[in-house]
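Asker: Okay, sequence plus prediction incoming.
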Amino acid sequence: MKRYIIFLFIAVLGWTLAQTFRAIPFGADRRGNLDQPDRVAAFYLKESPETLQTANSITAIVVNFRGFDTLGEVTVLFLAATGLASILYRKEEDDETEERITLISSSLVRTGAKILFPLILLLGIYVFIHGHLTPGGGFQGGAIIATGFLLMLITYKRFDTNHNLMVWLESLAGLAFVATGLYGLFTYGSFLQNTHSVGTLNDLISGGLIPLIYIFIGIKVGTELTNILDILLKIKPGKQS
Amino acid sequence: MNEFNELFIKYKDLITLAVYGTAIMLIIIGLYAVLLKKHLVKIVIGLSIIDAGVHLLFVAVGYIQTGTAPIFSPGYENAADKMVDPVPQALVLTAIVIGFAVTALALSLVIRLYKHHHTANIEQIKSLKW
């Protein structure tokens, strides 16, 4: 009986969604007037290259126009990481073995991981430094860095990520983000105000605060995701508490 | 580009159906998994599938016929009229990160429940009955 009610519910929901999106034509221009912006999309497309000198307008929205929102987003990620650590926290017991992976990876995988690891870190740093010029940004770069650490964690049994250093880096990056915002608040009167010149379009140092903030976000997200992976990999299989 | 434009106009209904249909189907499949599956990990996977569907729907609404990415690279400084709506993409960027956080937290709760009840089947976890 419950099953049929659920199927009915899903069918009604699907029909409602389909009816709604039939009224929204796909591919139609809904940005408004680009020369004299009357809608938010046109405003962002006009302002991001003109006043902010930022090539990637998505980045301009995420960090500059809606920077306070991004601070909230970073906080949500931080809370999730903290919640995960506190839910899975348990005291180390002496009789447990240190090994987190029981199977030994082949020498091909180990050598390949060693070669790839610095390259992946470099790619991650490139992606978050060029966030305002090319597709990418702090969150994506951080995720790429965490992928590199995941490769090392699953390849080497005793690869240690130095938990304390990670936590310190993460906290400092988060504090630096807030401090940058507060500096703008106290010197210019609004949170995350651009405190220096925006430079010229498509320069590496342009877009005002965006490169700085994205470096902080990249470090923060990278260390945070690495910590999450580290905690999840430390769970011992078999033994139940 | 012109050729693509003609093709787009010719098969507009089909493309609309394919894009919106895929997104709505993903949402429905995810909802089905969340509501009817018994295994906790499958429920979390269902949540992720709903996430993917919603993201696809957002980006599809922001698409503009033959539009490019809203990035003013060298040579495209004055091409704002060809660019897609950047607002849904920025929102999806936020939503992906939040979705990741939700999935990680949900999985940690699943691990805790599994360790406590020795099963991940919600039928056998009596305190979760609805």
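Answerer: Thanks, I have the structure now.

Asker: First residue to last residue on stretch B:31-51, what's the distance there?
Answerer: 10 Å (C-alpha to C-alpha, to the nearest Å).

Asker: List the contacts of it.
Answerer: A:3, A:6, A:9-10, A:13, B:26-27, B:29-30, B:95-96, B:99, B:102-103, B:106-107, B:110, B:113-114, B:120-123 (C-beta atoms under 8 Å, 6 or more residues apart in numbering or on different chains). Bear in mind the C-beta positions are built from the backbone N, C-alpha and C, glycine included.

Asker: which other helices and strands contact the lowest-mean-pLDDT helix or strand in chain A?
Answerer: Ranked by mean pLDDT, DSSP states H and E, the helix or strand of chain A with the weakest confidence is helix A:40-50, at a mean of 87. Applying 3 or more C-beta pairs under 8 Å, 6 or more residues apart in numbering or on different chains; DSSP states H and E, we find helix A:40-50 packed against helix A:57-59, helix B:86-117.

Asker: Single out the most deeply packed of those helices.
Answerer: helix A:57-59 (a mean of 29; mean count of other C-beta atoms under 10 Å in any protein chain shown).

Asker: picking that back up, right, so of the helices and strands packed on helix A:40-50, which gets closest to A:Gly174?
Answerer: Closest to A:Gly174 of these is helix B:86-117 (C-beta to C-beta; 14.4 Å).

Asker: so A:Ile205 makes contact with A:Pro211?
Answerer: Yes: using C-beta atoms under 8 Å, A:Ile205 makes contact with A:Pro211 at a distance of 6.4 Å.

Asker: Which of those two has more residues huddled nearby?
Answerer: For A:Ile205 versus A:Pro211, the count of surrounding residues by other C-beta atoms under 10 Å in any protein chain shown is larger for A:Pro211: 22 against 15.

Asker: Within the helices and strands, which one has the more buried one?
Answerer: According to DSSP states H and E, A:Pro211 maps onto helix A:210-234.

Asker: For A:Lys2, grab the count of nearby residues.
Answerer: 9.

Asker: same check, this time on A:Ser190
Answerer: For A:Ser190, the neighbour count with other C-beta under 10 Å is 10.

Asker: Look at it and tell me its secondary structure.
Answerer: coil (DSSP: H, G, I helix; E, B strand; the rest coil).

Asker: surely it meets A:Leu182?
Answerer: No: using C-beta under 8 Å, A:Ser190 makes no contact with A:Leu182, being 11.0 Å away.

Asker: Turn the helices and strands packed on helix A:40-50 into CSV, columns for mean pLDDT.
Answerer: Output for these, formatted as CSV (pLDDT from 0 to 100):
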stretch, mean pLDDT
helix A:57-59, 90
helix B:86-117, 90
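
Asker: Indicate which one of the ones you listed is closest to A:Thr51.
Answerer: helix A:57-59 (11.7 Å).

Asker: counting contacts, what elements does that closest one pack onto?
Answerer: So helix A:57-59, by 3+ C-beta pairs under 8 Å, 6+ apart, packs with helix A:40-50, helix B:86-117.

Asker: okay if I get the ones you listed as a markdown table plus distance to A:Gln19?
Answerer: Shown next, in a markdown table, are the helices and strands packed on helix A:57-59 (distance: least, C-beta to C-beta, whole Å):
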| stretch | distance to A:Gln19 |
| --- | --- |
| helix A:40-50 | 25 |
| helix B:86-117 | 21 |
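
Asker: Of all those helices, which one is nearest B:Lys12?
Answerer: helix B:86-117 (19.9 Å).

Asker: now the angle from that closest one to helix A:210-234?
Answerer: Angle, helix B:86-117 to helix A:210-234, by axes from the mean of the first three to the mean of the last three C-alpha atoms, to 10 degrees: 20 degrees.

Asker: Pretty sure A:Phe117 sits in a strand.
Answerer: No: remark: A:Phe117 does not belong to a strand; assigned using three-state DSSP, it is helix.

Asker: Now do the contacts for it.
Answerer: Applying C-beta under 8 Å, 6+ apart, the residues near A:Phe117 are A:148, A:151-152.

Asker: Whatever residue of chain B ends up closest to chain A: what's it in contact with?
Answerer: Nearest residue of chain B to chain A: B:Ala101, at 3.4 Å (C-beta to the nearest C-beta). Shown in contact with B:Ala101 (C-beta under 8 Å, 6+ apart): A:76-77, A:79-81.

Asker: what ranges do the helices span in chain A?
Answerer: A:2-22, A:40-50, A:57-59, A:67-88, A:107-129, A:138-155, A:163-188, A:210-234 (DSSP state H).

Asker: Please identify the deepest-packed of the ones you listed.
Answerer: helix A:57-59 (a mean of 29).

Asker: Contacts for that helix next, please.
Answerer: Here helix A:57-59 has contacts from A:44-45, A:48-49, A:131-132, A:137, A:207, A:210, A:214, B:70-72, B:83, B:86, B:89-90, B:93, using C-beta under 8 Å, 6+ apart.

Asker: coming back round to it: and the least confident helix or strand of chain A, how far out from the chain's middle?
Answerer: 24 Å (C-alpha atoms, centre = their mean, to the nearest Å).

Asker: Please apply the same query to stretch A:123-135.
Answerer: So, by C-alpha atoms, centre = their mean, the centroid of stretch A:123-135 is 12 Å from its chain's centroid.

Asker: Send over that stretch as PDB, restricted to the C-alpha atoms.
Answerer: Provided in PDB are the C-alpha atoms of stretch A:123-135 (Å, rounded to 0.1, in the frame of the first residue of the first chain):
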ATOM      1  CA  LEU A 123      47.300  21.500 -11.000                       C
ATOM      2  CA  GLY A 124      45.200  22.200  -8.000                       C
ATOM      3  CA  ILE A 125      47.200  25.300  -7.100                       C
ATOM      4  CA  TYR A 126      47.100  26.500 -10.700                       C
ATOM      5  CA  VAL A 127      43.300  26.100 -10.800                       C
ATOM      6  CA  PHE A 128      42.700  28.100  -7.700                       C
ATOM      7  CA  ILE A 129      45.300  30.900  -8.500                       C
ATOM      8  CA  HIS A 130      43.700  31.300 -12.000                       C
ATOM      9  CA  GLY A 131      40.200  31.200 -10.700                       C
ATOM     10  CA  HIS A 132      39.400  34.600 -12.000                       C
ATOM     11  CA  LEU A 133      40.800  34.000 -15.500                       C
ATOM     12  CA  THR A 134      39.800  30.400 -16.500                       C
ATOM     13  CA  PRO A 135      37.100  28.000 -15.400                       C
END
